[in-house]
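# here is my input; please provide its structure:
(chains A, B and C)
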Amino acid sequence: MPRRYWLMKCEPSSYTIDDLERDQTVSWEGVRNYQARNILRDEMQEGDGVLFYASNAKPSGVTGLATIVRRGYPDHFAWAKGHAYFDLAGSKEAPVWYMVDIGFVERFPDVVSLATLKGTRGLERMMVTQKGSRLSVQPCTRAEYNIVVKLGRARARR
DNA sequence: GCCAACGTTGGC
DNA sequence: GCCAACGTTGGC
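Numbering: from 1, shown residues only, chains lettered A, B, ... in the order given. Here you go, the predicted model:
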């Protein structure tokens, strides 16, 4: 299986690339959307590349890179009664929701803003640049990933 | 804070 | 199975 690439969103009020740099690895629980669940459960593999995206931020954009360090496994918070991520769907015996672990790779010196992504050739078809794109875990192509990495690193040379 | 876009729920 | 109502996401 060749290395694949993803974009994962998180609001800075919950977790940031700085938090990930401090923690080095973190479990990505709490995703409660079936399309995203399918990606977490079935598609992500250890070593895949992740664009770490800050949503609802000033500005929103890609703040760094991560990688999948543990492929999909059941999100046990889904059956923790009283927990914010508790969900009636599924059970320990028949899990519905899944999570992965991600690891820190690199923090960009500056955020690559959504406006920049939208204005960059080659990213016109990237999911995050489309209007109304709400999926919190999105696939992207290797070409798109590489373009964003270049943008993120280029800013260090200003 | 506003509101458009989206996913989910539930009545019928 | 349709679709209106609702709650959430997330850009601005």
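
# what about the residue of chain A found nearest DNA strand C, how many residues nearby?
Per C-beta to the nearest atom of the strand, A:Ser60 is where chain A lies closest to DNA strand C, at 3.4 Å. In this view, the C-beta of every residue, glycine as well, is placed from N, C-alpha and C. Per other C-beta atoms under 10 Å, the neighbour tally for A:Ser60 reads 19.

# shouldn't it be in contact with A:Tyr53?
Yes: applying C-beta atoms under 8 Å as the test, A:Ser60 and A:Tyr53 come out as touching, 7.3 Å apart.

# from start to finish, how long is stretch A:86-105 in a straight line?
Start-to-end span of stretch A:86-105 (C-alpha to C-alpha, to the nearest Å) is 30 Å.

# okay, buried residues for that stretch please.
Residues of stretch A:86-105 classed as buried under the neighbour-count rule (16 or more other C-beta atoms under 10 Å) are A:95-105.

# what's the single longest helix in chain A?
Using DSSP state H to define each element, chain A has its longest helix at helix A:142-154.

# buried residues in it?
A:144-145, A:147-149, A:151-152.

# what does stretch A:115-133 give?
Under the neighbour-count criterion of 16+ other C-beta under 10 Å, stretch A:115-133 has A:116-117, A:120, A:123, A:126, A:128-129 buried.

# which among the residues you listed are in contact with DNA strand C?
A:Val128 (C-beta under 7 Å from any atom of the strand).
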